[in-house]
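Enquirer: Return atomic coordinates for the entry below.
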Amino acid sequence: MLDVTPCDANKCDVTKFDVTRLAEQEVEKFIPHRQPMILISQLLHYSHDSLLTQTDISASSAYFDANLNGVPNYVGIEYMAQSIAALAGVEAHLRDDIIRVGFLLGSRKLKMHIPQFELGQSYQTRVTRLYQEESGLAVFDCQILHNQEVVAEANVNVFQPQDALAYIAESTQ
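Expert: Down below sits the predicted model:
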């Protein structure tokens, strides 16, 4: 679930909270997910249309596989999606708006350069909005980094309807 409402520079008030202190904020304040499905650990840095988050891998991480001694690489798409949701959440806070639900539609150019996210390591996910339509369709450039090296990358397509419940009800008819 993603919220992709962009933060128009004219509508956002960066004085509403100190975006330089995001790492001190609870992640669940910015995304619609709840434990145990919150996979990202911290929000690190916000700038217009971009967010950097961090995921710390522990034995209690969601999807941790003891046989791999880590989290399978395919979970990286969810690290990207939750980072996009967190960007939308930061922007919603800046607009004094509610956090809305969005949807991951798919990805293009997905490349996983490592087989797993290893136990005891931290990974940073950078998401940058490339494009967004008024309908709520958007595309993000996403990279997962480990020690400044890209270990996964993709363009992620998302959709955030104005009314997610109405959209879901309409989709099931």
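Enquirer: Who are the packing partners of the lengthiest helix in the chain?
Expert: For the chain, the helix with the greatest residue count under DSSP state H is helix 76-95. With contacts taken as 3 or more Cβ pairs under 8 Å, 6 or more residues apart in numbering; DSSP states H and E, helix 76-95 sits against strand 42-47, strand 50-56, strand 103-112, strand 122-132, strand 137-146, strand 149-159. Heads up, the C-betas are built off the backbone N, CA and C, glycines and all.
Enquirer: Go through the third one and flag the buried ones.
Expert: So that's strand 103-112. 103-104, 107, 110, 112 (16 or more other Cβ atoms under 10 Å).
Enquirer: worst-scoring helix or strand of this structure, pLDDT-wise?
Expert: Taking mean pLDDT, DSSP states H and E as the measure, the chain has helix 164-171 as its least confident helix or strand, at a mean of 83.
Enquirer: Please tell me how far it is from the chain's geometric centre.
Expert: 22 Å (Cα atoms, centre = their mean, to the nearest Å).
Enquirer: Now do it: everything it contacts.
Expert: Identification of contacts with helix 164-171 by Cβ atoms under 8 Å, 6 or more residues apart in numbering yields 1, 100-103, 161.
Enquirer: between those residues, which is closest to H45?
Expert: Nearest to H45 out of these is G102 (Cβ to Cβ; 21.3 Å).
Enquirer: give me the number of residues near the closest one?
Expert: Look at G102: counted by other Cβ atoms under 10 Å, it has 23 neighbours.
Enquirer: Hmm, L87 and it touching each other?
Expert: No - assessed by Cβ atoms under 8 Å, G102 is found out of contact with L87, at 10.7 Å.
Enquirer: circling back to that earlier point, format the helices and strands packed on helix 76-95 as TSV; extra columns: distance to R21 and mean pLDDT.
Expert: Conversion of the helices and strands packed on helix 76-95 to TSV gives the following (distance: least, Cβ to Cβ, whole Å; pLDDT from 0 to 100):
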stretch	distance to R21	mean pLDDT
strand 42-47	10	95
strand 50-56	14	97
strand 103-112	28	94
strand 122-132	17	97
strand 137-146	22	97
strand 149-159	27	97
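Enquirer: will you turn the ones you listed into TSV that also has distance to S171?
Expert: Output for the helices and strands packed on helix 76-95, formatted as TSV (distance: least, Cβ to Cβ, whole Å):
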stretch	distance to S171
strand 42-47	31
strand 50-56	28
strand 103-112	10
strand 122-132	21
strand 137-146	15
strand 149-159	11
